[in-house]
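K.L.:
just a sequence and a predicted model for now, questions to come.
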Amino acid sequence: MINLAQDLRPISYVKAHTTEIVKYVEDSKTPVIITQNGEAKAVIIDIESYQKTLNAINLAKLLSFGENDIKSGKLTAHENAKKIFEKTLGRIE
């Protein structure tokens, strides 16, 4: 959870304390919001959280493809889908 007193930092502070900020983000897994002229401009997050975010976005994209197929009527019966998967995976004798 973001703590605005601790996790909202002006860019001048980040410039002067970069190593400290990176360590904090890595250890706490909490993003730090960087402000410039009082406005939020960027976010620093740890690499693991970033990767999880990318994975979630990619999964959401895949799900949206499936939803679009359902809406447009591009459906396949379960048994037919199993045959397609088995053939694709090379398990058909």
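P.N.:
Now that the structure is in, tell me what you want to look at.

K.L.:
switch to C-alpha atoms for all contacts and neighbour counts from now on
P.N.:
OK.

K.L.:
please report how far the closest residue in space to residue 49 that isn't next to it in sequence lies from residue 6.
P.N.:
Leaving aside its sequence neighbours, residue 49 sits nearest to residue 29 (CA to CA, 6 or more residues apart in numbering; 7.1 Å). Per CA to CA, to the nearest Å, residue 29 is found 13 Å from residue 6.

K.L.:
out of the two, which sits in the busier spot?
P.N.:
Set side by side, residue 29 and residue 6 show more neighbours around residue 29, with 15 against 9, by other CA atoms under 10 Å.

K.L.:
what sits against that one?
P.N.:
Residue 29 is in contact with 45, 46, 49, counting by CA atoms under 8 Å, 6 or more residues apart in numbering.

K.L.:
the second one against residue 25, yeah?
P.N.:
Yes: Residue 46 lies in contact with residue 25 (CA atoms under 8 Å); the separation is 5.7 Å.

K.L.:
between the two, what contacts are shared?
P.N.:
residue 31.

K.L.:
check the offset of the helix or strand containing residue 59 from the chain's centre.
P.N.:
Using DSSP states H and E, residue 59 sits within helix 47-71. Relative to the chain's own centre, helix 47-71 is displaced by 8 Å; criterion: CA atoms, centre = their mean, to the nearest Å.

K.L.:
and for the nearest residue to residue 46 once chain neighbours are set aside, the neighbour number?
P.N.:
Excluding its sequence neighbours, the residue lying closest to residue 46 (CA to CA, 6+ apart) is residue 26, at 5.1 Å. Residue 26: 17 surrounding residues under other CA under 10 Å.

K.L.:
the helix or strand of the chain with the lowest mean pLDDT: how far from the chain's middle?
P.N.:
Least confident helix or strand of the chain, by mean pLDDT, DSSP states H and E, is helix 4-7 with a mean of 76. Between the centre of helix 4-7 and the centre of its chain there are 22 Å (CA atoms, centre = their mean).

K.L.:
report the separation between the residue nearest to residue 49 and residue 7.
P.N.:
Computed with CA to CA, the distance linking residue 29 and residue 7 is 11 Å.

K.L.:
dig out what the closest residue in space to residue 7 that isn't next to it in sequence forms beta bridges with.
P.N.:
If the residues on either side of it in the chain are set aside, residue 7 comes closest to residue 32, at 4.6 Å by CA to CA, 6+ apart. With DSSP bridges as the criterion, residue 32 is bridged to residue 44.
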